[in-house]
Structure formats: structure tokens, C-alpha cells
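Peer 1: output the structure for:
(3 chains)
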Amino acid sequence: MLKNFNRLKALIKKEFLAILRDPKSRIIIIFPPLVQLLIFANALTMEIKNADILVMDRSNTYESREFIAGIENSKWFGNVTRAESLREIEQKIDRQQADAAILIAPDFARNLKKGQTADVSAVLDGRVSGTATALSGYFTQIAQNYTLKLAEKSGKTAVPLSIETRVWFNPNAVYQWYLVISLNVIMALVVTLILTALSVARERELGTFEQLIVSPYTALEILTGKTVPPLTVALIMLSVMALISVYCFDIPFTGSFLLYLGSSFIALLSFVGVGLFISAVSKNQQQAILGAFAFMMPAILLSGFVSPIEDMPPFLQNLTCLNPVRFFINIGRGLFLKNMPAADVAANLLPLIVIGGLTLSFAAMTFKRNLE
Amino acid sequence: MNITLAFVKKEFLQIIRDPSSLIIAFVLPTLLLFIYAYGINLDAVNVRLGIKNDDSNPEIADLIKSFGQNRYVTSAVYNNQNQMYKDIVSSKIKGALLIPDDFSARLAAGKQAQLLLIADGAEINQVSYTQSYVSSIVSQWLQNSRFKSNVSQPAVNIQPRYWYNQNNNARWALVPSSLAVTMTLIGILLTALVISREWERGTMEALLSTNIKPIHIVLGKYIPYFIVGMLSLAFSILMIITLFDVPFRGSFWILFLVSALFLYASLGIGLIISSAAKNQFLASIASLIIGFLPALMMSGIVFPVKSMPLFFQYFTHILPPKHYVDFIRSEFLSGTVAVNVVSSSLFLLTLGFLFSVIVYKKTARRLDA
Amino acid sequence: MTETTCIEIKNLTKTFSNGEVRAVDNLSLRLEKGQTVGIIGADGAGKTTLLRLICGLLQPDSGTISVCGLNPVTQKSLLNAKIGYMPQKFGLYEDLSVLDNLNFYAALKNVSPDFNQMLEFADLKRFQNRLAGKLSGGMKQKLGLICALMGMPELIVLDEPSVGVDPVSRRELLKMVKTTVQNQTTVLWSTAYMDEAHGFDTVVVVDRGKIIYQGKPQDLAADTLGFENKVIELMGGYAPKPSLVAQNYHLNGSGDGFAVEAVDLVKRYGDFYAVKNNTFHIKKGEIFGLLGPNGAGKSTSFKMMCGLARPTGGTARIMGIDIVKQASLARSHLGYMAQKFSLYANLSVRENLEFFAGAYGLKGKLADEAVSRMTEIFGFRRFLNDNAGDLPLGYKQRLSLACAVMHNPPVLFLDEPTSGVDVITRREFWNHLTSLAQKGVTILITTHFMDEAEFCDRISLFYKGKTIATGTPQELKRLAGAQSMEDAFVNLILQNGREIS
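Peer 2: Coordinates of the predicted model:
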């Protein structure tokens, strides 16, 4: 037993060296993911900000200017400029120099004075449909505020009904919190998958795998040797990223950190499993990296990070049950923000265990059986 | 010229021998297009909402019913408030609406009535959807309820008009622009390993001993993968138009011209990685981490470039996919916009040229330099 | 420099690792046109570096080189048009067919793509549509050679073209070069085969980056054996010492009986038999040689014996343990050295040694001792921290052997262990092997050096997947009616009809 442990240690050491010995690969494995976490966290948001708005005021009255002031004073937009003609609006939107235009009809003030609803047209650029949707929402809200303001002036009860919203777990609705927690998982996926997907394929292409097969190592030992180093690298990286999340981005960590570490371990095992599975079926490194990409892209896009899983067609929703990223992101959100109880964490761990178990045992099976 | 041709021919033979290149070029884009088309939904989001009603007024039952009838809301009525809260934690529901016992009484009395909506901030994406669905369902109910007389008319009504995309169909915008990520991926994947492989397998030494010049190697690597890439691109565009019903209002010539420039730049990234890394392991990691992630995240497909801090907005200009996204959305939905086509093309051409100069400089002339 | 000079080198120095390693050290050399020059020398003496400098593949630190009247540093592309170079790894695209490779190199060298004569001469015509990666070792070498010879270069530079090639094919390689070259063509041929070098016009002996002898091989000695002894003397001499490997070898449990048994081994691909009904029994402490031309099925047999390939039929046992049924246990008795270098190229020499020590269960002090012992015995000290992939060919072989014997296995499977190893080291290798056998280690070995075959206790001659003769070296020579083992080999093969399926 002790003898076996020693030889396992040698294998693990070798695998560590294979990943980290070359200074170039050491640098490229460790730094870019962390730097990118910082860049992405600061750069990316799905909120629409800085949109440039054109305003064409054909009413040109006190009321219309008051309405426009509501737009100008809003924090959502970038430049709000006046447009003189429809042609100008057409041209600027066409060239994407402006994101939307507001057209106020000549009868705007007249309608208001009559107590009728005044229509305002908003021209939105449907080519960038996400921005268009968001801007339309902003305009509606500005219009509502304007209604309130008018009502207040005339001394009426403003609104009979208000809906008070409380955003739990992220009271100020900071997008960064959402983003960073998911990015941690994605970075860990990228690093783990690339390291494991290449590991066996590289040895096979360069002929060293034969040497490993001829050695007395059992399939389980080879599996362990191939698992520990990437798992360790990724686990350390995840912990560092968790610290960065808490201390640099001020994201609360409400759950149990130990539970997070434990869950990370299991989630990473499932990533490793997928990577080794890809590696086991690849003949060379080109095929392995292709396999890694072919898994990674859908796994990231269909994880609920970009858009919610509930909105996918049922077929894809079922497919995401095979996606370890989905469950790990759930756990991340739960333990960071929601103080998720252990039972709920366990429910998300179960699929991870199944995925990891299946892929790892398949990989192990191919290691020694994969002879000519 | 002969030498370049021979090199190109050799690369083609290698491409055909290992089917993985062809899988990269034709199977991968198909897969990704389907995912972008069906897996990602950026316009209407379905929300699961829990409702706890403390008001016994029968009018309120109508309100609850109208939640059940909305196509974007799936509602569940709770009797136990704590259970509802627990379900938010476990993500079974994304929001909870609490109707207080004096709700209808206050409405009837003309006093301001209040609803409490709790949204799951862990999925901040969905909060604004939840808010706007609830508010529109409630105000619609109010218009038709007997409390209507107390409601004032809105002073201003916004009438949105979506140009180029009347129904503001998010798929129309997303699917063509997804090509930017897909083609970046393909460009990098195809080329990232091709030079490092020659080093690893020892053929570089034989090549360098012949009178082959760096320019031959560079051209010999660009041309075949450019052709494969263009075929892959044409294939993807054909699919977008036929399978996903995205209208194409631009010019095919311009589309292919700018796409060619974009591919030129993408291949450049892959070849830089390949010529700098002398083994495939390093090249693979680099292509993934340096080449690919920024393209996915920062090209403006999912995360709008304009919302980024100014510094990062400038930074995105060195990413070929950013310019391609700008271009292709317009080309599909609004037709050619000359000014933008020219500026996108100039950017892509400059980047592509810059990258190929680096590739040329990085291409080895000897084993040790 | 005169009209008749092909290569003129003055005070050439080339260092690696920031000047720590002087691969070529203040070397001067002048070679006339029209000669066939053998480059010989110890492993790591700087032969490959010298050849690469001549071809302009490396830049010198100092000194001048003139090749065919051109400077390889500044006029590389002009020069390369006049040179045919075959690197150690042949430079073939293994995923392309024979014909594709030829067409490609013909186009690069601006030569008309007419290789029929060459292909027929090299007996490759039948395989012209086969992938280069699927050719046997000897055929790859011939193909690489054809690529290098294309377009009548003024200078042909061949870096160990005959490593791992059987005697029959080796004669053919030489013949190919001899018939292609013209009067004014110069050939640089680095080799570890002394019989080969002895036949050249000039030999250059390189040692530690310097030239220690240049002249006619006949001037050193009239016959091959004498020549070999003279070269060894030049390189510092060899005196047999008790083998340190054998002395420190711990063998658990010896005794009688067979250590290795192959019974009716068959390997079939489709309807092609790579190995047909192969049966042999190797006694404990026996050195059993597996000889045969490239592509005869030796390596396939080897792979089946150590469980890398599943036999289509038959059984293989190591120390009585079935290699298929109890693979892990059987392998723990085995030390294996593959034909192709299969250690971790991107790990250092020390890390490779440490890994293989650990892999076979050596731990702590024992492992450290084993590593430092191997370092001493095989002379790895100056390379300890270098990547194994960057080692000179001979040192790669030493490292592979070291890793195979480090854990004291009772059975050694060595597939061409001495290919590419210098003469002295070859003698050392065999000193270790014979001493180990005396201690009771069983050795299954393949080789293309026929003089080495004489050291085997028994030999099995393998041809077209079948054993055509088995016996002691004396018995085989008698059977073939030959004086030397090499003649015996050639005769027996020819008797059985030289055609490879």
C-alpha cells in the first residue's frame, strides 16, 4: 500500500511538472485567467448605459422641454442631442451614431392641456435588439415619472397603487456580483478543461503514453495522477478568485466557505472528468482541443449565465442537466449571496457527482484498454 | 510562387487527412448557430413568481388569475410565507408578490395601496423583467377592475417603433452577430496548432534547410485556412438565411468582402499564437485563454460595448470580432451603411495587416532565432 | 579558399544555454569537393550542431563558415538551394502519403516531380500511396533520403541516416547515395556505424566540439574492427570495467525455468498477418536477440509481449504471469525501452529519472540513490537540468535504458537500445547487459548491429511476421554458411525471398 502510494506520488509530481514546468505555460495558465477576471468584471454589464439619444421636439413648448429635461437628467443615457429633421434621425440611427430617437409631435402640449394622453414616438434601433428593449423600458419609465410630476402639480393623488420592490441578496442590484460569481466558474472550467483534455492526447501523440501503460500503474492510478494536478491548480485558482470576489469586489459571502470549497472540489472533479473523457477519445492534440471547445462553448452559453435556463426550449433544458457549469453556478450564487442551506447545495451537487462519476470511470476504462 | 502553391497543396492534403479540421469548419458552426438561435433568449424572459395573498376580497382573485394567464409569468400561490421565502433561496421561484390584507380596502377608499414584490437579486438579469411584468399585469387589472375610477390617465404614452426589426426579434440580431464569435473560434482553432505542430514533429527543421522563405511559410499557412474559413463562413451564412429566417437586406458582395477581412484578421491571431508557441500544448492554452475568451465576452454580442467604461471601449477596438459584430448586424437587417462598412473594413484590414506582419516577423528563419 | 574547397570553417564557436554549454568550440575544418565524409564522434560531441551550422539552421557565436562559396549566416537561402539536408527526424509529414511528401519537397526544391527511378530503386514504388507515418523505420529513412537527394544538390548533409536501419536496407541507403552523387558532389554523413564510416573517403572525428582527427579511414586501420578500435582510442579509449549497473542490481528470487514465454502469438490486421504463430521460450538469465529486417514484425511482437498490443491469438507470459490477464502484475517485473524515444521530452533528465524511480515504487533515499547512480553511470551530470527532448540522440538512448533498468526488473525488453549510440557507449551498454544476464536478468533485445548479435545467447531471426531460424549465433552462421553474423543475416533473409508484403 505504502509502495503504491509512493509510486502514485511520483506520477502526480510528474503531472504537475508537465503542466507547470515550462515557465511559459506556468505564466499563461495562472495570470491571464486572473487578469481577465478583473477586466471582465469591470468592463462587462448587461445594463444599457451611455446610449446616445436624439430628440426632435416639434412641439417646442414649456411642457415638451420639461419632458425632455426628464430624459436629459436621466443617468441612463450618454449624449442627448437635438435633431432638426427626420432625415437627420434616419441618417444618424442608420450609421449607429445614435441609439434611439424621441419624436415629440406638435400637438404634445395641446393634448396635455386638454387632459388627454399625449403620444411620444420612440425610434429604436432593432439591429441591436437588447439595447432597443432596454431603452424602450427607460422611456416608459420617464414617461411615468412625468405623469407623476404633472399629477403632483395639480394636487391629485398621484398613483392609487404602488409596488414596492425589494431585491433580496443584492439590494442595490449590482450587476458585477452576478457577473463575477459566474466568471469564477467559467474561468475554472476553461483552465481545468484545457489542462485535462490535452493531457492524455499529448502523451498519446508524443508516444509517452505507451511507457505509462507498460509501467505497473493501474488505470485508477493513472486517473488519479491525471486528476490531482489540474484539480489542485483550479481549486487554488477558485479560492483566490473567491477572495478577490469578496475583498476586491465587495461581494458578500453569506454561506459556508467550507461548503463552497467542498462543492468546488466536486464540481472541478466533474470538469476534470469531462476533460479526461475528451482526452481519452482523442487521437491527437488537435482533436482534443476541438473536443474541449465543442464542449466548452455550449457549456458556457447554456449554463444560465447568458440567459436563463427556463427560457430554453424543453429539449435544451433537459440537455442542460448534463451541464456541470449550470449546477456549479447555482451553488456559487447560492453560497455567495443566499446563504443556501446544505440540502439545496446537495441537490445541485448530485448531478455533478453523477457527471463526474460517469466521465471519470469511462476515462479510466479507456486508459488501459485502449490498446491497438 | 511555385513554392507557395506546393505549401498550400500540402496543407490541404493534411486538412483532408485529419477530419478534425473539417469538423471545426462545418460541424462546430452548425452546433453553435443552433445554440445561439434556440438556447439564448435575450428578449422575453419567463419568470416564475410566487404569490401570497392576505386579502380576501374576490376582486383580488381576478388579479391572481390574471397572473396565471400571462404568457411570461408562471405563478404559484403560497399559503405559507416562509415556504415561499425558502423557495426563493433554492431558486424555485425568482420573485414573490405579497398582497396585504388591506389592499382592496385602501384602493376602494381612494388611498394609496401597496404591494410588496421581492425579487431574487442573485439573478440580477431577471429582476427588471419581474418588475415590469408585475407592474403591467397589475395596472391592466386595475384598468378593468371596479377601482378603475380612481385611476388617473397617463399623461404621456411612449409608442416605440423598432426600425430594421419591427418586432424587435432578438434572434434576428443575435444569430448573425454570433458569426463573429464562431468565426473567431474557427480562425484560431484552425491555425493555432499548424506551425507549432511542424516544430513538435520535426518537420520545421527540414523546411528551414530548403530554400523556402518565411513569406512562403506565412502564405502557405494563410491561404488554405482562409479558403476553408471562407467556405465555412458561406455555409454558416446560408444556414442563417435559410434555417433561421433572418432577413438579409444587404449586399452579398460587401458581406463576403468584409467577412474576408475579418477572417484574415482572425487567422492572424491564431498564427501569431502558433508561431510563438513551439509546442501544441502551449498553443492550445494560449488560443483558448488569450485568443478566444475576449472575443466571446468583449465583442459586444452579449455584453454591450457602449456600457463599458471608456477605457475598455477603446480596448475592444483591437478585437476583430467587435468590428465584425457592428458590421454584420447592419448588413443583415438594415442593408449596407456605407460609412460604417468603410470604417469597419479599415479597422479589420489594419488589424489583419498588423497581425500578419507580426506572424511574418515571428516566423523562424533558423532553429535558434 | 580555392575552387576545390567545399566547406571552410575557421574558429567556429556555438554555445547554448547562455554560453554554459559549448557545443562547438573554436573549431576549424576544411573539406574538399567531391568527397564522401563520415562525421563520427561521441554522443553530444557536437556533430548535429556542426551540421546545422553548415546548413545555416543555427547562427554561430563567433568564427566564420563558408559553404560552397557562400556564407550560411548571410546567404542562407542561396545556400539552401544547393544543399540537400536530412535531419535526424527525417522531416517527413507522417499524415501525408509517400507521393505527397515527394511532390511537396520536389516543389520546394523546384525539381521536376519524376521520382519513378528513385522509388523503384528504393523499393518504395509499391508503397507510394501509403501514409509516411505507416512506413517501417527503414522505409521512412529511404524516403527521407530521396527527399534530401532531390535536385542534384552540391552538398548532401545527412544526420545519422542509418539509425535503426537493418543491414540490408543500410546497404541500399549507401547505394542510393553513391548512384545519385556526381563527381563534384560532397556528402557529409554522420554515423555511429564504424563499418559505414570506414568505407568513406574521409572521416572527421568530433570530440567535445573540436575536431580530433581528419583523414582517410584506411590510414587509421585497414579493416573495420581495427578502425573501430582506433576511433575508440582517439575518443579516449575504452577499458572494460565491472558494470556498476549490475553490481547494484537487486534481483529478488532467481532460479530455473522460463522468464519469458510466447506461445503461438498472432497479430492480424484485417487479412494481413503482422506476426504469425510466434513461439519462443527464454530462460532466466538469457540474452535473447530478435533480429530481422525493418517491418518484419519485431516491434509488433515486442508490443504484444509487454501488453501494448492485444494479441489476436496465443499467449504471452512474463515470469509465468499472463500479460493480458494480469497486466499490472506482469508489468511490474518488466523494464521496457521503446524503439521511439518515449520519455517526457519536456521534463528534465533528473525529473524523468525521478519519475521512473517513483513509478516503480522506489522511494526516499533509495530513489535518490538510484537517480544519482544512473547519473554517474551514464554521464548525465552535464545534462541533468536540460529537457530530455533536447538531448543528443545517444543520450536519449542512455536515458531510456537508465529508466528501464533503474527499478531492478528481472526481465528487460529493449527495442533497439543501441541505435544512435556512439561506439564506446555501445560497448558499455553491452558490458552492462552481459553482466546483468550473468546475475540472472533475462533480456529480450532487438538490434541492427550484427556484431552485437554475437553477444546474444540465442537469436531468433524474424522475417515477414515469422521466425525463420532460431539458435545460438554459431548455429545460425553455420546454417547460413557464413563467416560473420551480418553475412548470415543477409543470406538467410535472401534465402527466404526478399519481398515484404
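Peer 1: what count of nearby residues applies to the residue of the stretch 1-150 of chain B found nearest chain C?
Peer 2: Here the stretch 1-150 of chain B gets closest to chain C at one residue, residue B:6, 3.0 Å apart by Cβ to the nearest Cβ. C-beta: built from backbone N, CA, C; applies to glycine. When counting by other Cβ atoms under 10 Å in any protein chain shown, one arrives at 22 neighbours for residue B:6.
Peer 1: for the nearest residue to it once chain neighbours are set aside, helix, strand, or coil?
Peer 2: Nearest non-adjacent residue to residue B:6, counting by Cβ to Cβ, 6 or more residues apart in numbering or on different chains: residue C:107, 3.0 Å away. Assigned with DSSP: H, G, I helix; E, B strand; the rest coil, residue C:107 falls in the helix class.
Peer 1: in this structure residue C:107 contacts residue B:8, no?
Peer 2: No - using Cβ atoms under 8 Å, residue C:107 makes no contact with residue B:8, being 10.1 Å away.
Peer 1: report the contact partners of the residue of the stretch 1-150 of chain B closest to chain C.
Peer 2: Each residue near residue B:6 by Cβ atoms under 8 Å, 6 or more residues apart in numbering or on different chains is listed here: C:103-104, C:106-108.
Peer 1: go on, residue C:73?
Peer 2: Contacts here follow Cβ under 8 Å, 6+ apart; on that basis residue C:73 touches C:56, C:59-60, C:65.
Peer 1: list buried residues within those.
Peer 2: Among those, those classed as buried by 16 or more other Cβ atoms under 10 Å in any protein chain shown are C:56, C:59-60, C:65.
Peer 1: what is the three-state secondary structure of the residue of the stretch 1-150 of chain B closest to chain C?
Peer 2: helix.
Peer 1: confidence score at it?
Peer 2: For residue B:6, the pLDDT comes out at 87.
Peer 1: relative to residue C:101, how far out is it?
Peer 2: 11 Å (Cβ to Cβ, to the nearest Å).
Peer 1: one more: residue C:88?
Peer 2: Taken as Cβ to Cβ, the span from residue C:88 to residue C:101 is 17 Å.
Peer 1: who has more neighbours, those two?
Peer 2: Higher neighbour count among residue C:88 and residue C:101: residue C:101, with 26 against 19, using other Cβ under 10 Å.
Peer 1: which residues touch whichever strand or helix holds that one?
Peer 2: Element membership of residue C:101, judged by DSSP states H and E, is helix C:98-108. By Cβ under 8 Å, 6+ apart, the residues outside helix C:98-108 that reach it are B:2-3, B:5-7, B:9-10, B:13, B:207, B:210-212, C:92-93, C:96, C:112-113, C:115, C:119, C:124, C:127-132, C:135, C:143, C:146-147, C:150-151.
Peer 1: next, the buried residues of it.
Peer 2: C:98-108.
Peer 1: same deal with stretch A:45-61?
Peer 2: Those would be A:45-46, A:48, A:50-57, A:59, A:61, for stretch A:45-61 by 16+ other Cβ under 10 Å.
Peer 1: closest residue of the stretch 351-500 of chain C to chain B?
Peer 2: Nearest residue of the stretch 351-500 of chain C to chain B, counting by Cβ to the nearest Cβ: residue C:389, 9.4 Å away.
Peer 1: and the residue nearest to that residue when sequence neighbours are not counted, which of the three is it?
Peer 2: Spatial nearest neighbour of residue C:389, chain neighbours left out: residue C:345 (2.8 Å); criterion: Cβ to Cβ, 6+ apart. Three-state assignment for residue C:345 (three-state DSSP): coil.
Peer 1: and the gap between the residue most central in space within chain A and residue B:299?
Peer 2: Central residue of chain A (Cα atoms, centre = their mean): residue A:305, 4.0 Å from the mean position. Separation of residue A:305 from residue B:299 (Cβ to Cβ): 16 Å.
Peer 1: could you do residue C:131 as well?
Peer 2: 40 Å.
Peer 1: who has more neighbours, those two?
Peer 2: residue B:299 (23 against 17).
Peer 1: now the more buried one: closest residue in space that isn't a chain neighbour?
Peer 2: residue B:321 (3.8 Å).
Peer 1: flag every residue of chain C that's near chain A.
Peer 2: By Cβ under 8 Å from any Cβ of the partner chain, the residues of chain C that approach chain A are C:303, C:306-310, C:327-329, C:331-332, C:334, C:336, C:338, C:340-348, C:351, C:354-363.
Peer 1: and the residue nearest the centre of chain B?
Peer 2: Nearest to chain B centroid, counting by Cα atoms, centre = their mean: residue B:301, 3.7 Å.
Peer 1: just give the closest residue to that residue, not the sequence neighbours.
Peer 2: Spatial nearest neighbour of residue B:301, excluding adjacent residues (Cβ to Cβ, 6+ apart): residue B:177 at 5.0 Å.
Peer 1: wait, isn't residue C:470 in contact with residue C:458?
Peer 2: Yes - between residue C:470 and residue C:458 there is a contact under Cβ under 8 Å: 6.8 Å.
Peer 1: contacting residues around residue A:259?
Peer 2: Taking Cβ under 8 Å, 6+ apart, we find residue A:259 in contact with A:335, A:342, A:345.
Peer 1: may I see the buried residues of the helix or strand hosting it?
Peer 2: When elements are assigned from DSSP H and E, residue A:259 belongs to helix A:257-281. Under the neighbour-count criterion of 16+ other Cβ under 10 Å, helix A:257-281 has A:259-260, A:263-264, A:266-281 buried.
Peer 1: next structured bit after it?
Peer 2: Downstream of helix A:257-281, the next assigned helix or strand under DSSP H and E is helix A:285-301.
Peer 1: ok, that next one near chain B or not?
Peer 2: Yes - using Cβ under 8 Å from any Cβ, helix A:285-301 reaches chain B at A:285-290, A:292-294, A:297-298, A:300-301.
Peer 1: nearest to residue C:245, of those residues?
Peer 2: Among the residues of helix A:285-301 next to chain B, residue A:285 lies closest to residue C:245 (Cβ to Cβ), at 36.1 Å.
Peer 1: which residues touch the closest one?
Peer 2: A:198, A:201-202, A:205, B:193, B:280-281, B:284.
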